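Peer 1: Pasting the sequence and the predicted model now:
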Amino acid sequence: MRLPALLLGLLFALPLAAEQHVVAPRQGGLAAAVAGAAPGDVLVLADGTHPGPVTIDRPLTIMGGQAAVVDGMGQGTVITIDAPDVVLEGFSITGSGHDNNDLDAGVKILKGADRARIRGLVLTGNMHGIDIHGGRDAQVIGNRITGTRHPRMNERGNGIYVWNSPGTLLQGNWIRYGRDGIFSNASADSFYRDNVMRDLRFAVHFMYTRNTEVSGNVSIGNHLGFAIMFSDRGRILDNLSLGDREHGLMLNYANNADVTGNLVRGGAKKCLFIYNAHKNLIWKNRFQGCGIGIHFTAGSERNVLTGNAFIGNREQVKNVGTRHMEWSHEGIGNYWSDHPAFDLNGDGIADSTYRPNDLMDQILWSQPAAALLTGAPAVQLVRWSQQNFPATLPGGVRDSAPLMRPLTIPVPPEIQTWETVVAGRWTKGTHDDLDPADIASH
């Protein structure tokens, strides 16, 4: 008799099966469906417009096709998630308010709303697309986010904003227009993978972010590709910056980063800008076709640069400083397309040291008006003397083991097509109010 009693007890201990409810598109219908649902229920949105805004205050799954549209009617955030284990999947969201002080968004995930799953949504014309604002372990996967096109770029919102939300996964999202594609602020221990970002200010923008991986992302035609600022232990791996305007990659007060396998090409003013950044590994990247290959300044120390390729940049290195720095590691340097070198023993390492800058370069950086004298015989004599008598060279960058062959980083055909579309964009002038010199404007 004890066995049937035990089975009966287990039966009553199990939760009731989740119910599925179809929600018709009518005023107040979605809010009423949320209020009447039990935790774990599934709400299926029928095609049509579902007026919002709405707050989800219990664990629910809300799903629908793209023709099911939740419209915030211009009032605040369209869907606010205020409970753990909420899933949003497949439908469309539009019509947030446009108050940047309140961070109006298509979807907002609040503190305590942990383990949210946002998958396959289409978010259009909201101030911010998705605002992860304190919720832990959120997953934002495969969404299409098209932001606003306010004439002033700094007054637009971000595609995805991550604030103080450890454990976030952003993967496979497509983000276009707005201000920044992904803005991560005061967050940590997250993964941002395989996202495509176009026509923005910054593709990825870090502020005070720790131990976060940015890998396999694509930045096309943005003002700046990957801005890693005031951050520690970032992993910037296998990303593409194609046709970006100012910098492909910027390390600004960024320390202990692993910057590996990235490609920057297509006419940025600076492929790589390093400003007061320390103890970073910069390895096996390809920097191609920029105004400056690498601009290195503000006392950055103990960085390792090895195995990189600097190809066809108008100026390979701009090093504002006089300290001697060695840019090879354990006998492996970098490839420099302007280094006329030989390799008599065939070991893949050039037989001569590469020195990218001389005394005249430093004069021109500090006194731009001196460019008028570039072709003067006295200037040419100074440069000839330094080339033939290296002891007269000032302090600066030296690569004692330059490579003879560059590494290659392939670009998928579809992405090459998008790159072609933005080619030459910046020669036609800027299209908004952004001051790229103001790197603190965020």
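Peer 2: Arrived safely, thanks for sending. Residues are numbered from 1 along each chain as shown.
Peer 1: Excluding covalently adjacent residues, which one is nearest to Gly125?
Peer 2: Excluding the flanking residues, the one nearest Gly125 by C-beta to C-beta, 6 or more residues apart in numbering is Thr94, at 5.3 Å. All C-beta atoms are positioned from the backbone trio N, CA, C, and that covers glycine.
Peer 1: Give the full set of residues in contact with that neighbour.
Peer 2: 69-72, 78, 106, 123-126 (C-beta atoms under 8 Å, 6 or more residues apart in numbering).
Peer 1: could you redo the last one with a cut-off of 6 Å?
Peer 2: Going by C-beta atoms under 6 Å, 6 or more residues apart in numbering, Thr94 touches 71, 124-125.
Peer 1: Can you add neighbour count and give the residues you listed back as CSV?
Peer 2: Formatted as CSV, those follow (neighbours: other C-beta atoms under 10 Å):
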residue, neighbour count
Asp71, 18
Thr124, 18
Gly125, 17
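Peer 1: Go through the residues you listed and flag which are in strands.
Peer 2: Judged by DSSP state E, the contacts of Thr94 include 71, 124 as members of strands.
Peer 1: Number of residues surrounding the residue nearest to Pro53 when sequence neighbours are not counted?
Peer 2: Closest residue to Pro53 apart from its sequence neighbours, by C-beta to C-beta, 6+ apart: Gly72 at 4.9 Å. When neighbours are defined as other C-beta atoms under 10 Å, Gly72 has 23 of them.
Peer 1: Any regions of the stretch 151-300 of the chain where pLDDT drops low?
Peer 2: Within the stretch 151-300 of the chain, the stretches with pLDDT under 70 are 298.
Peer 1: Would you map the strands across the stretch 301-442 of the chain?
Peer 2: Along the stretch 301-442 of the chain, counting by DSSP state E, counting those that start in this stretch, strands occupy 304-306, 309-311, 315-319, 325-326, 335-336, 397-398.
Peer 1: re the thing from before, among the contacts of Thr94, which one lies nearest to Phe191?
Peer 2: For the contacts of Thr94, the residue nearest Phe191 by C-beta to C-beta is Thr124; the value is 25.7 Å.
Peer 1: Do I have it right that that closest one meets Thr148?
Peer 2: No - between Thr124 and Thr148 there is no contact, the gap being 9.5 Å when judged by C-beta atoms under 6 Å.
Peer 1: follow-up on the earlier one: what bridges to the residue nearest to Gly125?
Peer 2: When bridges are called by DSSP bridges, Thr94 pairs up with Asp71, Thr124.
Peer 1: pLDDT at it, what is it?
Peer 2: In this model, Thr94 is scored at 98, pLDDT.
Peer 1: thinking again about what came up before, let's have the strands of the stretch 301-442 of the chain in CSV, adding distance to Val22, mean neighbour count and mean pLDDT.
Peer 2: Conversion of the strands of the stretch 301-442 of the chain to CSV gives the following (distance: least, C-beta to C-beta, whole Å; neighbours: other C-beta atoms under 10 Å; pLDDT from 0 to 100):
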stretch, distance to Val22, mean neighbour count, mean pLDDT
strand 304-306, 58, 20, 95
strand 309-311, 57, 23, 96
strand 315-319, 62, 21, 89
strand 325-326, 66, 15, 86
strand 335-336, 61, 22, 94
strand 397-398, 66, 20, 86
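Peer 1: how about those strands in CSV, adding distance to Arg265?
Peer 2: Shown next, in CSV, are these (distance: least, C-beta to C-beta, whole Å):
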stretch, distance to Arg265
strand 304-306, 18
strand 309-311, 8
strand 315-319, 14
strand 325-326, 25
strand 335-336, 14
strand 397-398, 22
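Peer 1: returning to that earlier point: next one: the residue nearest to Pro53 relative to Thr146, how far apart?
Peer 2: 15 Å (C-beta to C-beta, to the nearest Å).
Peer 1: rewinding a little: out of the strands of the stretch 301-442 of the chain, the one nearest Gly64 is which?
Peer 2: With C-beta to C-beta as the measure, strand 309-311 is the member of the strands of the stretch 301-442 of the chain nearest Gly64 (47.6 Å).
Peer 1: So what are the sheet partners of that closest one and their directions?
Peer 2: Strands that pair with strand 309-311, judged by DSSP bridges, come out as strand 286-288 (parallel), strand 335-336 (parallel).
Peer 1: which residues are in contact with that strand?
Peer 2: 286-288, 293, 316, 335-337, 406-407.
Peer 1: which two in those are spaced the farthest apart?
Peer 2: Among the contacts of strand 309-311, Gln316 and Leu407 lie farthest apart (C-beta to C-beta), at 16.0 Å.
Peer 1: Could I get the strands paired with strand 309-311 in JSON lines, plus columns for distance to Thr260?
Peer 2: Below are the strands paired with strand 309-311 laid out as JSON lines (distance: least, C-beta to C-beta, whole Å):
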{"stretch": "strand 286-288", "distance to Thr260": "11"}
{"stretch": "strand 335-336", "distance to Thr260": "16"}
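Peer 1: who touches Asn285 in this structure?
Peer 2: Contacts for Asn285 (C-beta under 6 Å, 6+ apart) come out as 262, 308.
Peer 1: Gln75 now?
Peer 2: Applying C-beta under 6 Å, 6+ apart to Gln75 gives the contacts 53, 97.
Peer 1: ok, now Thr49?
Peer 2: By C-beta under 6 Å, 6+ apart, Thr49 lies in contact with 25, 69, 71.
Peer 1: Got the phi and psi for the most centrally placed residue in the chain?
Peer 2: Of all residues in the chain, the one closest to the mean position by C-alpha atoms, centre = their mean is Val204, 2.2 Å from it. Note on Val204: its backbone torsions stand at phi -130, psi 130 [degrees, to the nearest 10].
Peer 1: So that it lines up with my notes, have the first residue be 18 from now on.
Peer 2: Right, with 18 as the first residue, what we last looked at is Val221.
Peer 1: Identify the bridge partners of it.
Peer 2: Val221 has these beta-bridge partners by DSSP bridges: Ile199, Phe243.
Peer 1: Give me the buried stretch members for whichever strand or helix holds Phe313, please.
Peer 2: Here Phe313, judged by DSSP states H and E, is contained in strand 309-314. Residues of strand 309-314 classed as buried by neighbour count (16 or more other C-beta atoms under 10 Å): 309-313.
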